[in-house]
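here is a sequence with its predicted model. Questions after.
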Amino acid sequence: MDRLSAGLEMIAQDYRRHVDYHEEDPETFGAGHFVFYPRDETSPRWAIEEQYTDTDWSDPDRVPTSWTWQDQRLQRQPDGSHIWTVHSEGEVTSAEVDRLLEITRTWAHGVRTAHLREGFFSVSSSPPSTTSHRPPSNRGL
C-alpha cells in the first residue's frame, strides 16, 4: 500500500502542471479511492478503487487484495447534461502494484500530451501575417 501511495504521489508531482490528484471516498461521493483529474477540469479522469477480500471499506484493518482502475470520460446526454462513462477499465492484484503505477503514468502522460497538443494548435487561429517583419529601410537619409 505504501508503494502505491508513494508511486501515485510521484506521478502527481511529475505531471502537476496537467493533473490534480485526490484521495476520495467512493462510498460517499468520490470516483474512487485515488483519483486524477485534468487541471483544466475537462474529461477524462482516472479513478483507482481498492478491492478487499472477506472485509469491506468499514474495516480499519483492511488491506487491499487488488485495485480496479477506470478511465472515465464525460459524455453529453440528450438533455445537455453530462455523466461520467467508463472508457476503459481493468484490475490488478496487490502483487501487480508496479503495473498499476505504469498504467497510471501512461494515462497521465496521455493527458499531458493532449494538453500540449491543444495548446500548440490553439495559440493562434488566425492565418500568418503577410507583412514583412524587416526593419524599415534607411532610404532617403
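All right, it came through fine.

and the longest helix belonging to the chain, what's buried?
When the chain is parsed with DSSP state H, its longest helix is helix 97-121. Within helix 97-121, the residues that count as buried by 16 or more other C-beta atoms under 10 Å are 97, 100-101, 103-105, 107-108, 111-112, 115. In this view, the C-beta of every residue, glycine as well, is placed from N, C-alpha and C.

okay if I get these as TSV plus pLDDT and distance to residue 35?
Listed next are the buried residues of helix 97-121 as TSV, based on pLDDT from 0 to 100; distance: C-beta to C-beta, whole Å:
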residue	pLDDT	distance to residue 35
97	96	17
100	98	14
101	98	15
103	97	15
104	98	11
105	98	15
107	95	12
108	96	12
111	92	13
112	93	17
115	85	18
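
ok, so of those, who is nearest residue 90?
For those, the minimum distance to residue 90 (C-beta to C-beta) is 7.2 Å, reached by residue 103.

burial count for the residue lying closest to residue 99 once chain neighbours are set aside?
Nearest non-adjacent residue to residue 99, counting by C-beta to C-beta, 6 or more residues apart in numbering: residue 92, 5.2 Å away. Using other C-beta atoms under 10 Å, residue 92 has 19 neighbouring residues.

next: residue 38.
Residues near residue 38, counting by other C-beta under 10 Å, number 19.

which non-adjacent residue is nearest residue 56?
Nearest to residue 56 is residue 62, by C-beta to C-beta, 6+ apart, at 7.3 Å.

what about the one you found, distance to residue 33?
The spacing between residue 62 and residue 33, counted by C-beta to C-beta, to the nearest Å, is 11 Å.

any common contacting residues for the two?
When C-beta atoms under 8 Å, 6 or more residues apart in numbering defines a contact, the residues bordering residue 62 and residue 33 alike are residue 50.

and these two? Which one has more around it.
Per other C-beta under 10 Å, whichever of residue 62 and residue 33 has more neighbours is residue 33, with 21 against 15.
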